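Engineer: Fold the stuff below for me.
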Amino acid sequence: MATARNVIIIGSGPAGYTAGLYSARAMMEPLMFAGYMSGGQLMLTSDIENFPGYPQGIGGPEMMLELRAQSERFGLEIHDKNVERVDLRERPFGVWVEGEEYRAEALIICTGAEAIWLGVEGEESQKGRGISTCATCDGAFFRDEEVIVVGGGDSAMEEAIFLTRFANKVTIIHRRDVFKASKVMLERARNHPKIEILTHRQVVRWLSDDKGLTGAVIEDPRDNSTEELSCTGAFIAIGHKPITDFLDGQVETDPEGYILHEEHTMTSVPGVFAAGDVVDTRYRQAITAAGMGCQAAIDAERWLESQH
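Structural biologist: A predicted model of the protein is given here:
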């Protein structure tokens, strides 16, 4: 059996890095598996204006690099690898990474959530050829072109506003006329001269040729009428799903797969804690994820002390 660590942190982002910072400063010698795409969703966010301490705002990737460097300064050991599976039946818990086994007396899960795709006809073949879930990553490819954004929340509004830096026109498509977006973000989008918002519309098929995406067939769900909309780029912003498949149902979750807290940040398995977007279905903010990461580290430390 592999030598057991005090704590292994699975996932990174503001929750994971903050958990790593606190557990490292508590001399717990934590080990983090940050994932192949370390840094979480904020690596795909252009400007963060609402995180305390940054009056001029900060780029998501820049903030994540700073958090990572800060946690490493205090001794967090980080590997940019994905966890394949875990065994939570007994302590120390088993964690498998690229076929190698690790053991830990406590786990902190901060794997976050990933973007949801529409799953309509023509989508799979055009992923990366015009259809994306990350405007920050791919927006510059559509300079002086027409693009669409699918969604009605803050993420959709942020994506659309960011895309106006490059595109000639951005059309937001939303299946209802009620938006989840905050009033501030919605008004920014509505008042932008490059943005048009189409309500009561949903994409039912993507159109393409040999060069890539050419448009979309959109439907009005009220009467099932359809029309074609031209675009060379499309960005899906309809929500996320928690990254919990590797747990194989060993931790209690809600019907959508988000981990449930049993007591404070502890899950249904004593010694397994969870923080950030893998838990949070209400706030989904960098600051709340960081705060929860702090809580999880403190909870793990106190729980481990209680076991002796």
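
Engineer: contacts, neighbours, all on C-alpha from now
Structural biologist: Will do.

Engineer: Sketch out the low-pLDDT regions of the stretch 101-250 of the chain for me.
Structural biologist: Within the stretch 101-250 of the chain, no stretch has pLDDT under 70.

Engineer: Let me see the ranges of the strands in it.
Structural biologist: In the stretch 101-250 of the chain, strands defined by DSSP state E, counting those that start in this stretch lie at 113-115, 131-132, 146-150, 169-173, 195-198, 202-209, 212-220, 225-230, 233-236, 240-242, listed in chain order.

Engineer: Turn those strands into CSV, columns for mean neighbour count and distance to F74.
Structural biologist: As requested, these are exported to CSV (neighbours: other C-alpha atoms under 10 Å; distance: least, C-alpha to C-alpha, whole Å):
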stretch, mean neighbour count, distance to F74
strand 113-115, 18, 27
strand 131-132, 23, 37
strand 146-150, 27, 41
strand 169-173, 23, 44
strand 195-198, 18, 45
strand 202-209, 19, 48
strand 212-220, 20, 47
strand 225-230, 14, 52
strand 233-236, 26, 38
strand 240-242, 17, 29
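
Engineer: Nearest to Y17 among these would be which one?
Structural biologist: For Y17, the closest of the strands of the stretch 101-250 of the chain is strand 113-115, at 15.8 Å, according to C-alpha to C-alpha.

Engineer: Pull up the pairing partners for that closest one, direction included.
Structural biologist: According to DSSP bridges, strand 113-115 forms sheet pairs with strand 240-242 (antiparallel).

Engineer: What lies in contact with the partner strand?
Structural biologist: Strand 240-242 has contacts (C-alpha atoms under 8 Å, 6 or more residues apart in numbering) with 111-116, 256-258, 277-279.

Engineer: How about stretch 109-124?
Structural biologist: 9-13, 15-16, 40-41, 131, 133, 203-208, 236-244, 272-279, 293.

Engineer: Out of the contacts of strand 240-242, which two sit at the greatest distance?
Structural biologist: Across those (C-alpha to C-alpha), the longest gap, 16.6 Å, separates I116 and V279.

Engineer: Of these two, which one has the most company?
Structural biologist: V279 (26 against 14; other C-alpha atoms under 10 Å).

Engineer: thought that one was touching I259?
Structural biologist: Yes. Using C-alpha atoms under 8 Å, V279 makes contact with I259 at a distance of 4.9 Å.

Engineer: Just the C-alphas of the lengthiest helix in the chain, formatted as PDB.
Structural biologist: Using DSSP state H to assign secondary structure, the helix with the most residues in the chain is helix 286-306. This file holds the C-alpha atoms of helix 286-306, laid out as PDB (Å, rounded to 0.1, in the frame of the first residue of the first chain):
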ATOM      1  CA  ALA A 286     -14.900  32.800  -7.500                       C
ATOM      2  CA  ILE A 287     -15.000  34.400  -4.100                       C
ATOM      3  CA  THR A 288     -17.600  31.900  -2.700                       C
ATOM      4  CA  ALA A 289     -15.500  29.000  -4.100                       C
ATOM      5  CA  ALA A 290     -12.400  30.300  -2.500                       C
ATOM      6  CA  GLY A 291     -14.200  30.800   0.800                       C
ATOM      7  CA  MET A 292     -15.500  27.200   0.700                       C
ATOM      8  CA  GLY A 293     -12.000  26.000  -0.100                       C
ATOM      9  CA  CYS A 294     -10.800  27.700   3.100                       C
ATOM     10  CA  GLN A 295     -13.600  26.100   5.000                       C
ATOM     11  CA  ALA A 296     -12.900  22.600   3.600                       C
ATOM     12  CA  ALA A 297      -9.200  22.800   4.600                       C
ATOM     13  CA  ILE A 298     -10.000  23.900   8.100                       C
ATOM     14  CA  ASP A 299     -12.700  21.200   8.400                       C
ATOM     15  CA  ALA A 300     -10.300  18.600   7.200                       C
ATOM     16  CA  GLU A 301      -7.600  19.700   9.600                       C
ATOM     17  CA  ARG A 302      -9.900  19.700  12.600                       C
ATOM     18  CA  TRP A 303     -11.500  16.300  11.600                       C
ATOM     19  CA  LEU A 304      -8.000  14.700  11.200                       C
ATOM     20  CA  GLU A 305      -7.100  16.000  14.700                       C
ATOM     21  CA  SER A 306     -10.300  14.500  16.100                       C
END
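
Engineer: Show me what it is packed against.
Structural biologist: helix 13-25, strand 100-109, strand 272-274 (3 or more C-alpha pairs under 8 Å, 6 or more residues apart in numbering; DSSP states H and E).

Engineer: Any idea how far it is from the middle of the chain?
Structural biologist: Mean C-alpha position of helix 286-306 versus that of the full chain (C-alpha atoms, centre = their mean, to the nearest Å) differs by 20 Å.
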